[in-house]
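Novice: how would this look folded up:
(one chain, ligands or ions: 1)
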Amino acid sequence: MPYKPGDLFSEHGLKLVVGGAGPWVLDAEGRTWFDSLSGMWLTNVGHGRREIADAVHAQMSRLSYAPDGTVHPATIELADWVAALAPDPDSSVLFTSGGSEAVETALKMARKYHRNRGESGRFKVISRRGSYHGATLACLSLGGGGSNTGVEYGPLLPGAVRVQGPDEYRPILSDLECALEIERAILNEGPETVAAVIGEPISAAAGVHTPDAFYWPAVRRICDRYGVLLIFDEVITGFGRTGTMFASEHWGVVPDITTVAKGLTGGYVPIGAAIAAKHVADTFTGAHSPFNHRFTFGGNPAACAAGLATLDIIEREGLVENARVMGDYLYELLLELYDHPIVGDVRGGRGLMCAVELVRDRSTREPFPAGAGLQAAARELMDEHGLLGRGGDIFPLAPSLCVTHAEVDDLVARLDAVLRGLGRRLRYAR
Ligand code: PLP
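Specialist: Take a look at the predicted model:
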């Protein structure tokens, strides 16, 4: 949202925040809030980490930018570390400034991969409706999820083909049929025209629905059958959010390209990356035509120093394991919220990535009508109970990976109070 100088932030419904520690944020009036969404799914190591600020400061003091034709050791070290953690440890890493750039990079990489292998007709990308892959025009063409369907910005990227994704609460198709939809789309479009399938292993924008154990392995097999690359967008799920380093591990699937961003620097400094499995990266080396693609801030030494400090915290404090343990605990507590008649579905069980969906009628799963005022009431009640994040039909819950049992208790107590208030206002009191 653009601001004019002097705009009152409150006119936009924004709070002025000035500090933070762990999952807590301090506003300008000295009130403490619980950050239930880790900013926008990214402050995974929590707010107020002095060591990340120190690492960035030290790096900027030494060298602010690696001039053309040079590289800083921090960039190499972070690339090595990310590759070692990646689903294919022999991967190559190309840094960007954020998630959208990472996805754009993956899309171009997929096209170039096929071109270098003599299949320049492959340019189409199959994605799942309702997912979110970023704000640039190409990214917007893919999912149409979140608050931006992309309709107002068309025409979008040619060759973007959307299919139905898994939704275990209101299934339009079974997960297996969803996978087969991808195969049908490839066949309809002509395999010789399809470059890649892209998906978030667990889509936040589509409502935190976890596909069953067979979906991603089936999609992997389909991609292999038709020579199509599989891109996992792990911008949210990467670096521990789901209780494993990468969410792909839950399905035992190795994607051809993985995109990451947010959690890599815990939100302290902008960063992103496209991680290419070895067989993809190899098509750009030696006698092959290189992947000519670069962003000015890709691999920025200060961003990489922040990434190194962040990964160090994640490893040293065992935050991936903590996300798994606290995620299970959070999910267990959230299940108690079924006491509220307005709670239709509680989703979770994969680390600290949960959601509570509200409905007007639990038996029919009918959502509240737009005129019910749910969104505004949720906002007001979240303010009253000191809860930052998103609320309305769906309350996504993704606190920092460093949360404690006591903090999870606190988060759920606040949400419980919000739901009680909503129940009263919407005449569905317990
Ligand atoms: N991909 C996914 C799955 C995301 O959730 C987002 C942002 O929320 C993006 C890509 C785009 O990242 P960025 O906002 O850093 O450009």
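
Novice: shaky segments in the stretch 1-150 of the chain?
Specialist: For the stretch 1-150 of the chain, the stretches with pLDDT under 70 are 1-12, 146-148.

Novice: which residues in it form strands?
Specialist: 17-21, 24-27, 32-35, 92-96, 124-128 (DSSP state E, counting those that start in this stretch).

Novice: Kindly report the same for the stretch 251-400 of the chain.
Specialist: 257-260, 272-276, 343-347, 354-358, 387-388, 394-397.

Novice: ok, so what distance separates Cys178 from the ligand?
Specialist: 18 Å (CB to the nearest ligand atom, to the nearest Å). In short, each C-beta sits where N, CA and C put it, glycine included.

Novice: Distance of Asp35 relative to His293?
Specialist: Per CB to CB, to the nearest Å, Asp35 is found 34 Å from His293.

Novice: With neighbour numbers in mind, choose between the two.
Specialist: In this view Asp35 and His293 are compared by other CB atoms under 10 Å, and Asp35 has more residues nearby, 22 against 16.

Novice: just checking, the more buried one touches Thr43?
Specialist: Yes - shown here, Asp35 and Thr43 form a contact pair, counting by CB atoms under 8 Å, at 6.8 Å.

Novice: Can you work out which residues contact both of these two?
Specialist: Each of Gly20, Ser400 lies in contact with both Asp35 and Thr43 under the rule CB atoms under 8 Å, 6 or more residues apart in numbering.

Novice: Contact residues of the protein facing the ligand?
Specialist: Residues of the chain lying close to the ligand (CB under 6 Å from any ligand atom) are 40, 98-100, 103, 132-135, 200, 204, 233, 235-236, 261.

Novice: you'd agree Val17 is up against Gly30?
Specialist: No - counting by CB under 8 Å, Gly30 is not a contact partner of Val17; they are 11.3 Å apart.

Novice: Which one's more surrounded, the two?
Specialist: More crowded of Val17 and Gly30, by other CB under 10 Å: Val17, with 16 against 8.

Novice: partners of the more buried one in the sheet?
Specialist: Asp27 (DSSP bridges).

Novice: what's near enough to touch it?
Specialist: Val25, Leu26, Asp27, Ala28, Trp33.

Novice: how close does it get to Val25?
Specialist: Counting by CB to CB, the gap from Val17 to Val25 is 5 Å.

Novice: what do those two both touch?
Specialist: Common neighbours of Val17 and Val25 (CB under 8 Å, 6+ apart) are Trp33.

Novice: For Ala21, which non-adjacent residue is spatially closest?
Specialist: Computed as CB to CB, 6 or more residues apart in numbering, the closest residue to Ala21 that is not its neighbour in sequence is Gly48, at 3.9 Å.

Novice: Spit out the contact partners of the one you found.
Specialist: Residues in contact with Gly48 (CB under 8 Å, 6+ apart) are Gly19, Gly20, Ala21, Gly22.

Novice: Could you find the closest non-adjacent residue to the last one?
Specialist: Spelled out, that is Gly22. Closest to Gly22 by CB to CB, 6+ apart is Gly46, at 4.0 Å.

Novice: Ok, the first one next?
Specialist: The spatial neighbour of Gly19 that comes closest, neighbours along the chain excluded (CB to CB, 6+ apart), is Leu26 at 4.0 Å.

Novice: Find the closest residue to the ligand in this structure.
Specialist: Per CB to the nearest ligand atom, Gly99 is where the chain lies closest to the ligand, at 2.2 Å.

Novice: in terms of contact, does that residue touch Gly238 like I think?
Specialist: No - counting by CB under 8 Å, Gly99 stays clear of Gly238, with 9.8 Å between them.

Novice: mind checking pLDDT for the spatially most central residue of the chain?
Specialist: With distances taken as CA atoms, centre = their mean, the residue of the chain nearest its centroid is Ile236 (2.1 Å). What the model reports for Ile236 is a pLDDT of 98.

Novice: That one contacts Val208, correct?
Specialist: No - shown here, Ile236 and Val208 do not form a contact pair, counting by CB under 8 Å, at 9.8 Å.

Novice: Need the overlap of contacts for the two.
Specialist: Going by CB under 8 Å, 6+ apart, residues that sit against Ile236 and also against Val208 are Met353.

Novice: and the angle from the lengthiest helix in the chain to strand 354-358?
Specialist: The single longest helix within the chain, with elements called by DSSP state H, is helix 405-425. Orientation check (axes from the mean of the first three to the mean of the last three CA atoms, to 10 degrees): helix 405-425 against strand 354-358 gives 10 degrees.

Novice: same question for helix 405-425, mean pLDDT?
Specialist: 97.

Novice: which helices and strands sit right next to that helix?
Specialist: Packed against helix 405-425, as judged by 3 or more CB pairs under 8 Å, 6 or more residues apart in numbering; DSSP states H and E, are the following elements: strand 32-35, helix 319-335, strand 354-358, helix 374-384, strand 387-388, strand 394-397.

Novice: rerun that using 10 Å as the cut-off
Specialist: Packing partners of helix 405-425 (3 or more CB pairs under 10 Å, 6 or more residues apart in numbering; DSSP states H and E): strand 32-35, helix 319-335, strand 343-347, strand 354-358, helix 374-384, strand 387-388, strand 394-397.
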